[in-house]
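Engineer: what shape does this take:
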Amino acid sequence: MLIVLTCILVPVALLATWVHDIALDTDRYVATVAPLATDPAVQDAAVHRITEAVGAHVNGKEVAGDIASWLQSQGLPPVAADGISRLGPQIDSAVDQAVTRIATRVVRSDAFATVWRGANRAAHNAVVHALTGKGRGAVGVSDGTVTLDVGKAVDRVKQELVDAGLKPASRIPQVNKQLVLFHSDQLAKFRKGARLLDVVGNWFPVLVVLLGAAGVFLAHHRRRALARTALGAAFACLVVAIGLIVARGYYLDHLPPQVQSKAAAGAVFDTLLRFLRVSLRTAVVLGVVIALGAYFVGPGRLPVAVRGYSDHTADSAARWAAAHRISAGRAGAWALAYRRAVMLFVLLVIALVFALWNHPTVLTVLLLVLVLLAVLAVLALLAAAGRVQLGAARGAPVRRPDER
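Structural biologist: Residues are numbered from 1 along each chain as shown. Below is the predicted model:
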């Protein structure tokens with residue numbers, strides 16, 4: 001029961017850690033949302049909404065009518081004034097093109113990315129509000145709709161339009177334009193779960209590890225239990241990772257009308273879940289590595305053959321070194337006497353390093369595995385040298401590798 005419960009709770013613990021880190025760690029949050037400022041889909045959506053906000057307050061028909069009335073008051077024939085008053089659609093089109101061009105330049109500039117990161121750092125509780133309902137920030141949540149306020153960007157575009165000579169843009173009032181990032185009718189339910197996960201986020205992973213350790217300790221065949229626990233947890237994480245892919249497709253296929261850019265919604269979805277996906281992949285790889293380690297220390301034919309070949313290779317290298325007057329000294333005898341204890345100590349150290357590693361990835365797991373294999377290889381060579389020294393002390397001849 002403990003092992004099954006552990007396998008089920010491992011992906012839940014990763015989810016709890018993700019919620020906790022994204023919601024409460026400012027640096028982590030900024031690192032998560034910063035790429036959105038340079039994402040083409042999000043930039044295009046921002047340009048579209050900013051253009052709407054500005055264009056809604058620049059009335060080409062009204063501008064053309066004002067110009068025609070003024071010219072007619074200055075003596076322009078009524079027929080010519082009427083022709084000018086009909087230029088409203090052309091003025092609207094020209095203004096829209098100018099606004100779009102300037103908005104695009106503003107959104108795709110480095111300044112926009114800098115403002116984006118600064119605003120999110122100052123108000124990183126936006127994600128807290130999105131998942132727990134607490135706090136406010138640049139990102140707002142109402143009735144399951146998550147929006148980003150682009151009012152400041154509209155003000156920047158307004159000023160550039162005025163500087164470019166479009167004086168009517170100065171009449172654009174202050175706006176609070178919202179860009180809908182995504183919408184979910186289930187967000188209220190997610191909030192309830194997020195609050196609970198936020199509370200237990202720090203201790204839940206530790207509890208899951210203790211449950212798994214207790215299950216392995218109580219099992220009759222602990223090595224097999226360890227391998228099955230690792231594989232079960234890896235399989236559970238793999239199922240959740242596949243579920244995220246399915247959920248993404250379903251979500252994008254059922255976007256409500258409020259979301260005008262499917263590409264931008266996909267970019268936001270991928271960005272917010274990026275670190276969770278990394279954690280799931282890391283857990284899958286770690287589970288497979290632990291299972292393989294438990295298998296290769298067992299009594300199976302292949303593990304015994306691999307260990308025998310490794311010891312034979314180490315012995316051959318030690319005999320070659322002894323024949324060439326290369327000695328490991330006391331280190332060889334010490335490694336021979338305490339090899340098992342040293343191996344256990346190294347495993348504990350590596351496990352501790354992994355536990356304390358800040359957000360480990362698949363590369364972290366592979367790096368620690370390589371370090372472990374290197375240490376075990378050195379330990380095997382030292383132990384083999386100790387055996388050769390012990391044999392020489394007892395009078396056994398040391399032959400060169402090329403001697404028969």
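Engineer: find the nearest non-adjacent residue to residue 290, please.
Structural biologist: Of all residues not flanking residue 290 in the chain, residue 230 sits nearest, at 3.8 Å (Cβ to Cβ, 6 or more residues apart in numbering). C-beta coordinates here come from the backbone N, C-alpha and C atoms, glycine included.
Engineer: touching, the one you found and residue 288? I think so.
Structural biologist: Yes: when contacts are counted by Cβ atoms under 8 Å, residue 230 is listed as touching residue 288 (7.4 Å).
Engineer: between these two, which is the more surrounded one?
Structural biologist: Neighbour comparison, residue 230 and residue 288: the larger count goes to residue 230, with 25 against 16 (by other Cβ atoms under 10 Å).
Engineer: give me the element that one is part of.
Structural biologist: helix 222-253 (DSSP states H and E).
Engineer: so for that helix, what's the average pLDDT?
Structural biologist: What helix 222-253 shows for mean pLDDT is 92.
Engineer: likewise for stretch 376-395?
Structural biologist: pLDDT averaged over stretch 376-395 gives 81.
Engineer: elements contacting the one helix or strand residue 307 maps to?
Structural biologist: Assigned by DSSP H and E, residue 307 belongs to helix 301-323. Helices and strands touching helix 301-323, by 3 or more Cβ pairs under 8 Å, 6 or more residues apart in numbering; DSSP states H and E, are helix 274-296, helix 362-393.
Engineer: return the most buried member of those helices.
Structural biologist: helix 274-296 (a mean of 19; mean count of other Cβ atoms under 10 Å).
Engineer: can I get that helix as CSV, trimmed to CA atoms?
Structural biologist: As requested, the backbone C-alpha atoms of helix 274-296 are provided in CSV (Å, rounded to 0.1, in the frame of the first residue of the first chain):
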residue,chain,number,x,y,z
ARG,A,274,7.6,24.6,-18.7
PHE,A,275,9.2,23.8,-15.4
LEU,A,276,6.5,21.3,-14.4
ARG,A,277,7.3,19.4,-17.6
VAL,A,278,11.0,19.5,-16.9
SER,A,279,10.3,18.1,-13.4
LEU,A,280,8.2,15.3,-14.8
ARG,A,281,10.9,14.3,-17.3
THR,A,282,13.5,14.4,-14.6
ALA,A,283,11.4,12.1,-12.4
VAL,A,284,11.0,9.6,-15.2
VAL,A,285,14.7,9.5,-15.9
LEU,A,286,15.5,9.3,-12.2
GLY,A,287,13.1,6.4,-11.7
VAL,A,288,14.6,4.5,-14.5
VAL,A,289,18.1,5.1,-13.3
ILE,A,290,17.2,3.9,-9.7
ALA,A,291,15.5,0.8,-11.1
LEU,A,292,18.5,0.0,-13.2
GLY,A,293,20.8,0.5,-10.3
ALA,A,294,18.7,-1.9,-8.1
TYR,A,295,18.7,-4.4,-10.9
PHE,A,296,22.5,-4.4,-11.5
